[in-house]
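A.B. asks: okay, sequence plus prediction incoming.
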Amino acid sequence: MKRSVLISGGGVAGLALAERLGRRGFDTTVVERAAAPRSGGYKVDVRGAAVTVLERMGLLEAARSLRTEVRRGSVVDAKGRKASSMDGDTFGGRVHDDAELLRGDLHRLLHDAAGDTAFVYGDEIRTLRDTGAGVEVEFASGTTGRYDLVVGADGLRSGVRRLAFGPDSDFLHDLGYHNAVAAVPNRLGLDREEVTYIGPGRTALVYATARQSDARAMFLWSAPGLDSRGLDRAERQRLLAETYAEEGWCVPELLADVADCDDLLFDALSQVRMGSWSSGRVVLLGDAAHCATAASGQGTSLALVGAHVLAEELSAADAIPSAAFAAYESRMRPFADANQALGPANIKRMVVGGRARVRMALTMLRVADKLPGKERMLAAMTAPIRRAANAIDLG
Ligand SMILES: Cc1cc2nc3c(=O)[nH]c(=O)nc-3n(C[C@H](O)[C@H](O)[C@H](O)COP(=O)(O)OP(=O)(O)OC[C@H]3O[C@@H](n4cnc5c(N)ncnc54)[C@H](O)[C@@H]3O)c2cc1C
């Protein structure tokens, strides 16, 4: 008889697992809290071992055709003067087949490849009861079900993790920074380009891709101890405006656009660190298990690789769940650790503290920009990302 798997969360991790398990003959259901599949969104990278996973899914060519095609990245000062400019892949730490895609495009690709999966949108798990022989589930909609296994692929603030492992406060480690992302009009007329502004403790960037007519603004700032969970959208917009009130370049215009937008992603940069990713017949995947934060640039790749490894271990012979989960974790944990370590290291480069340090960083960028072989130099600086992206052998 087919084994039944309930996956909570229809993000990259949940959809990739649905694709991987569907091919291996599992009876798979994805329950996603959002009312419909998400389109668009911000851009994400698929690097290293994750490229191999897309290849094994037969999706690499399709993914390539969905590249954002961002071809230039620049850093500017408060007056908008360019301190440094380089090609998009070097700027984003990508090589060879690595690809930058919109998150929504990757979702659609994986969703369409997930074949016979049953998708339930606009619902979520309310209770879980692991009987030893299966998991009894009650959904918020009031429906119930019984599954052989439940996978929490429901992101940083995973509902499955809360139900089966404990409260967020046991596992979330705040890195002391916040980020916000919004869709904004392309006022700078950017053509497949990204521009980053560095202020003291506050970075703002805007980019336009080949696949969206508008632009995306992203703000990353140092905010140790800030708890923004209880703030509503207007309060978040106000907090952002206050934080960036002194900044130059086109930050005031970006803030005005953010004040008008109705979809503001706003959260602390927090990592998930857990002693174990499984309990009985319940297992965690992707950000729910080991969120590395946007600063690592590797969350999407971790989700893809984790889905592949978990599916392989679950389909090995008549895998006993506890043995399959242990094998999944022992293969994935060093890879997750290596990529998580990038987050705290990268964020210090992305957000520069103090006016003097900002001046120094801009001066160094200006000097480096004039040197021959600057692209090689930057590629060397992003070598740790490439090492971490390949720190797993998929056989
Ligand atoms: C601004 C930003 C920029 C980023 N940039 C990059 C980048 O450049 N490169 C990169 O690799 N990664 C990047 N990331 C990280 C990347 O988006 C995530 O690491 C990756 O999407 C993890 O996928 P996931 O499926 O585990 O989680 P998510 O993408 O968070 O998906 C979880 C899904 O579960 C759903 N959900 C949540 N709670 C429930 C519930 N209780 N029940 C049912 N469904 C639920 C959510 O609606 C969502 O669809 C970035 C993240 C952010 C926020």
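C.D. replies: Yep, that arrived.
A.B. asks: just the helices in the stretch 201-350 of the chain please.
C.D. replies: Counting by DSSP state H, counting those that start in this stretch, the stretch 201-350 of the chain has helices at residues 233-243, 251-260, 287-290, 299-315, 321-340, 342-350.
A.B. asks: shouldn't A34 be within a strand?
C.D. replies: No. A34: not assigned to a strand; according to DSSP: H, G, I helix; E, B strand; the rest coil it is coil.
A.B. asks: in contact with it, which residues are there?
C.D. replies: Going by CB atoms under 8 Å, 6 or more residues apart in numbering, A34 touches 10, 121-122. C-beta coordinates here come from the backbone N, C-alpha and C atoms, glycine included.
A.B. asks: make it 7 Å
C.D. replies: By CB atoms under 7 Å, 6 or more residues apart in numbering, the contact list for A34 reads Y121.
A.B. asks: check the one 10 residues further on too.
C.D. replies: With contacts taken as CB under 7 Å, 6+ apart, V44 has the following neighbours: 101, 103, 106, 300.
A.B. asks: can you do 10 Å?
C.D. replies: Applying CB atoms under 10 Å, 6 or more residues apart in numbering, we find V44 in contact with 12, 68, 99-106, 294, 297-301, 303.
A.B. asks: and it, how far is that from E136?
C.D. replies: Distance of V44 to E136, computed by CB to CB, to the nearest Å: 35 Å.
A.B. asks: what residues does this protein have near the ligand?
C.D. replies: Contact residues, the chain versus the ligand (CB under 6 Å from any ligand atom): 8-14, 31-34, 42, 44-45, 103, 124, 153-155, 159, 179, 181, 265, 286-287, 294, 297-301, 303.
A.B. asks: buried subset of the residues you listed?
C.D. replies: If you count burial by 16 or more other CB atoms under 10 Å, the buried members of the residues of the chain next to the ligand come out as 8-14, 31-33, 42, 44-45, 103, 124, 153-155, 159, 179, 181, 286-287, 294, 297-301, 303.
A.B. asks: burial count for the closest residue to R331 other than its chain neighbours?
C.D. replies: Here the nearest residue to R331 in space, its sequence neighbours aside, is V309; by CB to CB, 6 or more residues apart in numbering that works out to 5.2 Å. Applying other CB atoms under 10 Å, we find 24 residues neighbouring V309.
A.B. asks: quick one, grab the pLDDT at V309.
C.D. replies: The score at V309 is 98. That number is its pLDDT.
A.B. asks: pull the contacting residues for it.
C.D. replies: Counted by CB under 10 Å, 6+ apart, V309 has contacts 20, 49, 53, 285, 327-332, 335, 392, 394-395.
A.B. asks: select from those residues the one having the most neighbours.
C.D. replies: Highest neighbour count within these, by other CB under 10 Å: L285, with 32 neighbours.
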